[in-house]
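**Student:** Give the three-dimensional model of this entry:
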Amino acid sequence: MGARDLLEGDEGPPLPEAAFVFCSHQGYQFLFFEAGKGPDPEINYYLECEGSFQVVSPAFSDWLIQTVRNEFPHVPEWGSTPG
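**Tutor:** Below you'll find the model as predicted:
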C-alpha cells in the first residue's frame, strides 16, 4: 500500500503534489519531504489514524544524522578520539 492509498483509506490530509516519500513501514506510517522546498527540506511523518502530518525534523540532513546516531549508539561521536 502506498502513502496516497493510506491517506485515502484513512481519510487523512492530501499528500502534497511534490511529496517524496522515502520511508514507510508496513503500510501504516511513512516519512516524506516536499521536493522543491530548498536543498535541505523538513521531514514530515504520518501515522495511520492520527489524521495529520507531523514535522519530525526541520531538515533532511538533521533527520539523517539523528537516525544514524540512533541506529549505532555504540559508535563514538564523529571527530572524537576513542579512548
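**Student:** can you pull out the helices in this structure?
**Tutor:** 3-9, 60-71 (DSSP state H).
**Student:** Buried by neighbour count: which residues of the first one qualify?
**Tutor:** It refers to helix 3-9. 3, 6-7 (16 or more other CB atoms under 10 Å). C-beta here means a position set from N, CA and C on the backbone, and glycine is covered the same way.
**Student:** pLDDT score for the residue nearest to Gly36 when sequence neighbours are not counted?
**Tutor:** Leaving aside its sequence neighbours, Gly36 sits nearest to Ala18 (CB to CB, 6 or more residues apart in numbering; 5.3 Å). Looking at Ala18, its pLDDT stands at 97.
**Student:** go on, the one 4 residues further on?
**Tutor:** Looking at Phe22, its pLDDT is 96.
**Student:** now the helices of the chain in CSV, with distance to Cys23 and mean pLDDT?
**Tutor:** Shown next, in CSV, are the helices of the chain (distance: least, CB to CB, whole Å; pLDDT from 0 to 100):
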stretch, distance to Cys23, mean pLDDT
helix 3-9, 10, 93
helix 60-71, 9, 92
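**Student:** That's all I had, so thanks and see you.
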